[in-house]
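Participant: Sequence first, then the predicted structure, then my questions.
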Number of protein chains: 2
Amino acid sequence: MMNTPLTLTGLLNRAERYFSKKEIVSTTLSGVQRFTYGEYGKRTRRLADALSKLSMGKGDKVATFAWNTHRHLEAYFAVPCTGAVLHMVNIRLSPEHVAYVINHAEDKILLVDEDLVPLIEKVQSELKTVEKYIIMSDKDTLPETTLSPVYSYEELLKEADEEFVFPEDLDENTPAGMCYTSATTGNPKGVVYTHRGIVLHSMATGLADSLALSERDVCMPIVPMFHANAWGLPFASVWFGTKLVLPGPNMTPQAIASLIQEEKVTLTAGVPTIWLAFINLLEKENYDISSLRAVVCGGSAAPKNIIRAFEEKHNVPFIQGYGMTETSPLVSLSTLTSEMDNISLEDKVDTRASQGLVIPGLDVRVINENGDVPWDGKTMGELIVRGPWVAHEYYKDERTKDTFRNGWLYTGDIAKLNDSGYIQITDRTKDLIKSGGEWISSVDLENALMTHDAVYEAAVIAVPHEKWQERPVACVVLQEGYAESIKDELVSYLSSQFAKWWIPDELIFMDEIPKTSVGKFLKRALREKLGQEMTVE
Amino acid sequence: MMNTPLTLTGLLNRAERYFSKKEIVSTTLSGVQRFTYGEYGKRTRRLADALSKLSMGKGDKVATFAWNTHRHLEAYFAVPCTGAVLHMVNIRLSPEHVAYVINHAEDKILLVDEDLVPLIEKVQSELKTVEKYIIMSDKDTLPETTLSPVYSYEELLKEADEEFVFPEDLDENTPAGMCYTSATTGNPKGVVYTHRGIVLHSMATGLADSLALSERDVCMPIVPMFHANAWGLPFASVWFGTKLVLPGPNMTPQAIASLIQEEKVTLTAGVPTIWLAFINLLEKENYDISSLRAVVCGGSAAPKNIIRAFEEKHNVPFIQGYGMTETSPLVSLSTLTSEMDNISLEDKVDTRASQGLVIPGLDVRVINENGDVPWDGKTMGELIVRGPWVAHEYYKDERTKDTFRNGWLYTGDIAKLNDSGYIQITDRTKDLIKSGGEWISSVDLENALMTHDAVYEAAVIAVPHEKWQERPVACVVLQEGYAESIKDELVSYLSSQFAKWWIPDELIFMDEIPKTSVGKFLKRALREKLGQEMTVE
């Protein structure tokens, strides 16, 4: 067979050649803008030419600090197709971490959205490698800024060549992109994506048994393009000629619902908090969302009441995905196989609430000290992953050896497998509670608590225990109108669902649960706080 | 990213792990047999063990001479997953060519279906490299045969290990399979498929914008497994856990219609002659074919009346594919893009009758002496193809240099492109008629003639001409009940559709048009015959 490399250039070429009239809808600060893939291709080539003139060379790192817009999408291809590496910086990192990741990646050029300039100005003095700043704005003139030297994105494009030719000799293992994990402890860890990895991941996205992304779709990634490649949807959409809707900085439920209605979005993807707010909005206001053929959810486990609302009330399949920055990110999807065609709504919701079946191309195992766990839906072990779009290391980071072992990525997630091989994540390894030699899932307890009307949020953590080694303690934020007197009812609510030794020794009420930059519970902070205050006896 | 190789072992593993209860329905000489993927996996491992014990080593060629059955499918994975190479011999080749391809590939072991044993016995004395014969039969005892040394497939499996472990260290560029083209001139040419090529081709088969092959499908490849990998459907079906229906040696329209009805086939694939006979059967007898979601057709261009019957009368999308043994084989498919949602039935039939749009992952161009042809639906050029499942050479064959040039495969097909980039094959380069510096498509003329009620078959060839260099001559076989007096009517029928200079100078009536082993017109023979008899003036 020909040794034709799997590169992003082939994806872009296809969009330009065959889908030059299909649309990209981009929402920026000045409103909705529309581009065809034909125009997009020319702008992308202009950007590649402009960056090359600014001395971007092969292997150079170019950072973006941006929302989901057409300009970010232009960088998604212009940078890697030239042989350079696109570093998508997470705008929600702390200033210290923003400076850390830009310095650690050694980014040479930084493209920043106009409204995000102040965040970069704040850390500018810390940045050791950035030589040039480019501000992405709809306006002709540059805003006032301390960034220097600074260029206007649109001015650069005006002067550049729309027939810029990308090199044809890129090796498929050339680095194409970089993301850093949002760390809960220590500095963020970098993951490098190759052209090969992204192309294969894009192909997986188009499989009928995966997301089945198609030219016929209208795809709106709400998941940010600075977070795990927006789950790979921008790359795959360009390849397949899928109409793309990029929501930009305004991601209120109203804005999202309007875009779905106006642009007839068929497939959209975001984290559970987005869908919770969206479902709440639909309770109050009318939007036509009948164009949706599926909603994809990931990042953390979705509450079942959201799933039920989509599946039952709005008749929209709710596909939960599992993945990590380290896995490009798609690992598994809660799609339903043909054997589930006649299951009840509740069984369907249960399956949708799982992390689903591994997608073709990857291997997953769940292992504990006895090897692979049985597929009994009960036995827990650590989920490990292997495949051509899974990282093999953290970029220049000694922590590589903790996570990448024996050719597998150790996810740090505790899971069980049901008899069809569907994955159910039950905990993070570090959040798992080891009580008397048995494992207790903090996530299962949290999910149960959060189905109670009185509970707004709940986090369950392990606290040291003399006899049992560790015991669970629940931190609970109550809904408005409820008082701490509800405690006994909550305990008996849990007792009806779990074995006695699973029931938390304490329920502690608080006003808020500390969270990470991407909205996950910051259990480390809770453990530190509570660990100092108490040990359960 | 991990350098996990793309190998067939991963495809088999997935079927065994996740779809062990899904079915393979195999029709053999003794009737319908059913296996689960669980059983299939064990039998495949037994076969790999048995072949290894018969000294099959890495890189060895193992030939099959077989119909579409479960045993052929077992060899499809057992041989390559062990690191050996599966040579699928075309049972319809002439005895000379059968001996040629087996000797040229240097096949060491030959697996042959019981009813095909006589064909191998006929050439046994010519075979220089085959060391062992294995007869695939449902019976316990070996048939009488002169083949020697000879083994019983089922006996070998009984004694073998169902837990045979495939090597994990196969490079993805390891050869996995071989097919030879059915040559019209000279000896057949060999094509080697690598694991990487087959995996990527399988992935392409599952894309929503391609065949969208899914676990939910019931797939029946009628196209033989000895012909261009049965268009890749067996490999992809195993990977996705798709229920497979293998029709075996009996491929009458009745047998096919019954299998579709009984097994609720959703996707099936075969050459136009199959579908012509099938549509004729449905005119006379009732079968429930409502389970079909698509019919795939390839090998040669399908007449529009077949397409119309499927699309209009039976409401089954008719997807024409284009490909070659050299391209694994899928290159393009006549799927409809969203912009065609509201076109008329006739426009739809026209699009379905084209060779369609290139599938994601490959590059195609149509070039003539001026470079790439415009997308005007008129200008003709040669179709060239490039990509990771396209061969880069003929196996040990000097003819490589004629076909593989500048990193592209020159297909020898003359095509034009419409304004959406859909490919329309108009001729083979060698059948194209060059008249007065302009090109005339023999295929367009043939298709037009064959839409006339009086015409059963028509082949148009070039004959030498003093002034115009070449001129078209039509060879026509009339339907029963028509006489040669129809000639003037046929000429005026063509004149209403084509420019004057396209009209054949002669219409010659004959009883039969000579054909190749796979049913294509043997124009070389016609040219030789007529070239000697006539030159048009």
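Facilitator: All right, it came through fine.

Participant: at contact distance from chain B, anything in stretch A:258-272?
Facilitator: No. Between stretch A:258-272 and chain B, judged by CB under 8 Å from any CB of the partner chain, nothing touches; the nearest distance is 10.3 Å. Heads up, the C-betas are built off the backbone N, CA and C, glycines and all.

Participant: Give me the contact list for that stretch.
Facilitator: Contacts to stretch A:258-272, defined as CB atoms under 8 Å, 6 or more residues apart in numbering or on different chains, come from residues A:25, A:27, A:211, A:213, A:216-223, A:230-231, A:233, A:243, A:245, A:247, A:256, A:287-289, A:291-303, A:306, A:321, A:518-519.

Participant: switch the cut-off to 7 Å
Facilitator: Residues from elsewhere that reach stretch A:258-272 (CB atoms under 7 Å, 6 or more residues apart in numbering or on different chains): A:25, A:211, A:213, A:217-223, A:231, A:233, A:245, A:247, A:287-289, A:291-300, A:302-303, A:306, A:519.

Participant: low-scoring stretches of chain A, by residue?
Facilitator: A:183-185, A:517-519, A:531-537 (pLDDT under 70).

Participant: what helices or strands is the lengthiest helix in it leaning on?
Facilitator: For chain A, the helix with the greatest residue count under DSSP state H is helix A:37-53. Where contact means 3 or more CB pairs under 7 Å, 6 or more residues apart in numbering or on different chains; DSSP states H and E, helix A:37-53 is packed against helix A:8-18, helix A:70-81, helix A:153-158.

Participant: circling back to that earlier point, make a ChimeraX selection of whichever of the contacts of stretch A:258-272 turn out to be buried.
Facilitator: Typed into ChimeraX, the line below selects the buried ones among these, using 16 or more other CB atoms under 10 Å in any protein chain shown:
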select /A:25,211,213,217,218,219,220,221,222,223,231,233,245,247,287,289,291,292,293,294,295,296,297,298,299,300,302,303,306
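
Participant: which of the contacts of stretch A:258-272 come close to chain B?
Facilitator: Applying CB under 7 Å from any CB of the partner chain, the subset of those adjacent to chain B comprises residue A:213.

Participant: So which of the helices and strands packed on helix A:37-53 is nearest residue B:463?
Facilitator: helix A:8-18 (38.7 Å; CB to CB).

Participant: Next, the angle helix A:70-81 makes with the longest helix of chain A.
Facilitator: Counting by axes from the mean of the first three to the mean of the last three CA atoms, to 10 degrees, helix A:37-53 lies at 60 degrees to helix A:70-81.

Participant: For the helix or strand following helix A:37-53, list the C-alpha coordinates in CSV.
Facilitator: For helix A:37-53, the following helix or strand on the C-terminal side (DSSP states H and E) is strand A:61-65. Extracted C-alpha coordinates of strand A:61-65, given in CSV (Å, rounded to 0.1, in the frame of the first residue of the first chain):
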residue,chain,number,x,y,z
LYS,A,61,4.7,26.1,19.2
VAL,A,62,1.9,28.6,18.5
ALA,A,63,-0.6,29.2,21.3
THR,A,64,-4.3,30.1,21.1
PHE,A,65,-6.2,31.8,24.0
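
Participant: name the helices or strands packed onto strand A:61-65?
Facilitator: Counting contacts by 3+ CB pairs under 7 Å, 6+ apart, strand A:61-65 packs against helix A:70-81, strand A:85-88, strand A:107-113.

Participant: Can I get those in TSV including distance to residue B:279 and mean neighbour count?
Facilitator: Shown next, in TSV, are the helices and strands packed on strand A:61-65 (distance: least, CB to CB, whole Å; neighbours: other CB atoms under 10 Å in any protein chain shown):
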stretch	distance to residue B:279	mean neighbour count
helix A:70-81	46	26
strand A:85-88	52	26
strand A:107-113	58	25
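
Participant: Out of these, which is closest to residue B:149?
Facilitator: The closest of these to residue B:149 is helix A:70-81. By CB to CB, the value is 56.5 Å.

Participant: The helix or strand hosting residue A:494 packs against which elements?
Facilitator: Element membership for residue A:494 (DSSP H and E) is helix A:487-495. For helix A:487-495, the contact count by 3+ CB pairs under 7 Å, 6+ apart identifies helix A:442-450, strand A:506-509 as packing neighbours.

Participant: That one relative to helix A:442-450, how many degrees between them?
Facilitator: 120 degrees.

Participant: how far does stretch A:67-79 sit from the chain's center?
Facilitator: 17 Å (CA atoms, centre = their mean, to the nearest Å).

Participant: contact partners of that stretch?
Facilitator: A:8, A:12, A:24, A:26, A:28, A:33, A:35, A:40, A:43-44, A:47-48, A:51, A:62, A:64, A:66, A:85-86, A:111, A:113, A:136, A:153, A:221, A:224-225, A:230, A:234-235, A:238, A:246-249.

Participant: could you dump it to PDB, C-alpha only?
Facilitator: Taking Å, rounded to 0.1, in the frame of the first residue of the first chain, the C-alpha atoms of stretch A:67-79 are listed here in PDB:
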ATOM      1  CA  TRP A  67     -13.300  30.900  22.400                       C
ATOM      2  CA  ASN A  68     -15.000  28.700  19.800                       C
ATOM      3  CA  THR A  69     -14.900  30.900  16.800                       C
ATOM      4  CA  HIS A  70     -13.900  30.700  13.100                       C
ATOM      5  CA  ARG A  71     -10.500  32.300  13.900                       C
ATOM      6  CA  HIS A  72      -9.700  29.600  16.400                       C
ATOM      7  CA  LEU A  73     -10.800  27.100  13.800                       C
ATOM      8  CA  GLU A  74      -8.500  28.700  11.200                       C
ATOM      9  CA  ALA A  75      -5.600  28.300  13.700                       C
ATOM     10  CA  TYR A  76      -6.600  24.600  14.200                       C
ATOM     11  CA  PHE A  77      -5.500  23.900  10.600                       C
ATOM     12  CA  ALA A  78      -3.200  26.700   9.600                       C
ATOM     13  CA  VAL A  79      -0.700  25.900  12.400                       C
END
